[in-house]
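**Q** Structure for this input, please:
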Amino acid sequence: MQSSVRFSLISALLPLLFSITFCPATAVEFTFDLADNSEDCFFEEVRRNTSCYLEFQVSAGGQLDVDVTLTNPHGKVIYEQQRATFDSHQFTAEATGVYKVCFSNQFSSFSHKIVYVDFQVGDEPALPGIDEHATVLTQMETSSQSIHKSLNDILDAQTHHRLREAQGRKRAEELNEAVFLWSALETFIVLVIGFGQILILRNFFSNRKTSDARYNQLR
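**A** Sure, this is the predicted structure:
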C-alpha cells in the first residue's frame, strides 16, 4: 500500500520536475549599468513565428529615462521608445535571425542609468501530462499546477525585490557620495576659518610689538 502511494506521488510530481529542469522557451533577464552618453545593445537569436516579449525598466539614475530600439535581422525597427522609464512590447518574429535591442543614454552627459531587461522568447511550455489532460485532474495533479503557479509568482516577486534592491543601493551610493562631499566641504571651511584666525591673531600681536617699539623710540 505504501509503495503504491509513493509511486503515485512520484508519478504526479514528475511533470512538475520535468517542467522545471527542461524548458524549450528561453528567457533573458538581467540588470545592467548604462553609462552616460553611451549606448548598449544586446542580441538574441529568434526563430520565425516565435512569440517574444520584451520588458524594461529604468530603476535608478537621472530622470529615470532611456531610449529603446528593437530591430529585426533585416535592420528594420519594429519597436522604439524615447525617454521612457518602463514599457513592454510583445511581438511575433517575422523572420529567423538575430534580433537586436539597444538602450541609449546619449542624451545624458552626466548621469548613468541602471536598467532592468526581461526578454522572453517562446511561450511557457505546458506541464507534460497535466495541462493537456483530457479528463478531470486528480488532487495531486491540481497540487502540482498550484505549485508551478506559486513558483512563477516567487520568480516575479524575486524580480521585484531585485529592482527595489538596485534602486535602494543606487540611492544609498548617491547619499553616501553627497555626505562625503558635504563633509569634505565642511572640513575645508573649518580649516580655512582656523587658518584665517591664526593669521589674524599673529597679525594682531605683530602690530602690537611694532607699536611698542615705536613708542619706546619716541621716549
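
**Q** which intervals of the protein have sub-threshold pLDDT?
**A** Applying pLDDT under 70 to the chain picks out residues 1-25, 124-137, 141, 207-219.

**Q** now do 80
**A** Residue ranges of the chain with pLDDT under 80: 1-29, 62, 122-146, 148-149, 152-153, 155-171, 174, 204-219.

**Q** In it, mark out all the helices, start to finish.
**A** Taking DSSP state H as the test, the helices found in the chain are 2-21, 139-218.

**Q** Contact partners for the residue lying closest to residue 60 once chain neighbours are set aside?
**A** Computed as CB to CB, 6 or more residues apart in numbering, the closest residue to residue 60 that is not its neighbour in sequence is residue 170, at 3.5 Å. (Each C-beta comes from the backbone N, C-alpha and C, glycine too.) The contact partners of residue 170, taken as CB atoms under 8 Å, 6 or more residues apart in numbering, are 59-61, 114.

**Q** With neighbour count and distance to residue 89 added, can I get these in TSV?
**A** Supplementary listing: the contacts of residue 170 in TSV, determined by neighbours: other CB atoms under 10 Å; distance: CB to CB, whole Å:
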residue	neighbour count	distance to residue 89
59	22	18
60	22	22
61	22	22
114	19	20
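
**Q** These: which two are farthest apart?
**A** 59 and 61 (8.0 Å; CB to CB).

**Q** Please identify every residue contacting each of those two.
**A** Contact criterion CB under 8 Å, 6+ apart; residues shared by residue 59 and residue 61: 114, 170.

**Q** Any buried residues in stretch 168-184, and which?
**A** Within stretch 168-184, the residues scored as buried using 16 or more other CB atoms under 10 Å are residue 170.

**Q** Check stretch 45-63 too.
**A** For stretch 45-63, a neighbour-count test (16+ other CB under 10 Å) marks 46, 52, 54-62 as buried.

**Q** Which of the residues you listed fall within strands?
**A** If you go by DSSP state E, the buried residues of stretch 45-63 have 46, 52, 54-60 in strands.

**Q** how close does residue 87 get to residue 152?
**A** 22 Å (CB to CB, to the nearest Å).
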